[in-house]
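Asker: sequence? don't have it. structure:
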């Protein structure tokens, strides 16, 4: 078996070749290879087209730069606004509980078990009347943003022509945000709301020639307690409540 040649023996074959001249090689200047401006490339988003010329060729501007928006991203953060919808399922329970509107001088009395709210009576009576509420008076200790938002929607859609609200000054101070929201939105629509020393819960409905009055223990907002209300079709009772409510609203607005 033939012994392989070692590296020394192999290299002997190249003896006599000229030694390469490496004196012309220098450490590369990476800041000047083919005229490439590395600093300009790194900071290119802040440079003009004339300043950034890699390999001697003008750089094409980015769309943002060309349109004046700049080379960096333009962005914004938007918080999603929570939309408020009224649960009409509860008002359907109120419609079912009433059944039909009372005849003239007739009253309907009901015990509420917490499956619908005071404001649901507004929606239910409007639904049963099958006509717009021309004038609506509401007195309550308090309300929430959900039912007030729905009431504003009824105003905007013409389902309610005009509304006057009397609430408690205690509620206005305890839930100032909700009260001021209602005040701003109602007054912007030419309606009125007054907070005073009120604990009554009365609803007055003027619908065409009909006058309905709800006298209740329930506030407009939800309450999981036993409540009661009476619904009466009577011009006389309507006018009795309307007169004192208007007086309080007028005095409270001063």
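Answerer: Perfect, I can see it now. Fair warning: this is a prediction, and the values are worked out from it, not measured in the lab.
Asker: Show me what residue 232 bridges to in the sheet.
Answerer: residue 107, residue 213 (DSSP bridges).
Asker: Looking at this structure, which helix is longest?
Answerer: helix 235-252 (DSSP state H).
Asker: Any chance you could list what contacts that helix?
Answerer: Helix 235-252 is contacted by residues 137, 139, 164, 166, 192, 194-196, 198, 202, 204, 206, 211-213, 215 when judged by CB atoms under 8 Å, 6 or more residues apart in numbering. C-beta here means a position set from N, CA and C on the backbone, and glycine is covered the same way.
Asker: ok, for residue 147, nearest residue in space, not its chain neighbours?
Answerer: Leaving aside its chain neighbours, residue 147 sits nearest to residue 119 (3.8 Å; criterion: CB to CB, 6 or more residues apart in numbering).
Asker: Distance-wise, check that neighbour relative to residue 165.
Answerer: Distance of residue 119 to residue 165, computed by CB to CB, to the nearest Å: 11 Å.
Asker: out of these two, which sits in the busier spot?
Answerer: Legend: neighbour count by other CB atoms under 10 Å for residue 119 and residue 165, higher for residue 119 (27 against 23).
Asker: Helices of the stretch 151-254 of the chain, start to end?
Answerer: All helices of the stretch 151-254 of the chain, identified by DSSP state H, counting those that start in this stretch, fall at 169-174, 176-188, 235-252.
Asker: Find the pair from the contacts of helix 235-252 with maximum spatial separation.
Answerer: The most widely separated members of the contacts of helix 235-252, counting by CB to CB, are 195 and 211 (26.1 Å).
Asker: Residues that sit against both of residue 119 and residue 165, list them.
Answerer: Counting by CB under 8 Å, 6+ apart, the contacts common to residue 119 and residue 165 are residue 143.
Asker: Could you pull up the residues touching the residue nearest to residue 147?
Answerer: Residue 119 is in contact with 143, 147, 150-151, 220-221, counting by CB under 8 Å, 6+ apart.
Asker: same question, residue 217
Answerer: 201, 227-229.
Asker: ok, these vs residue 92, which is closest?
Answerer: Nearest to residue 92 among the contacts of residue 217, with distances taken as CB to CB, is residue 229, at 16.9 Å.
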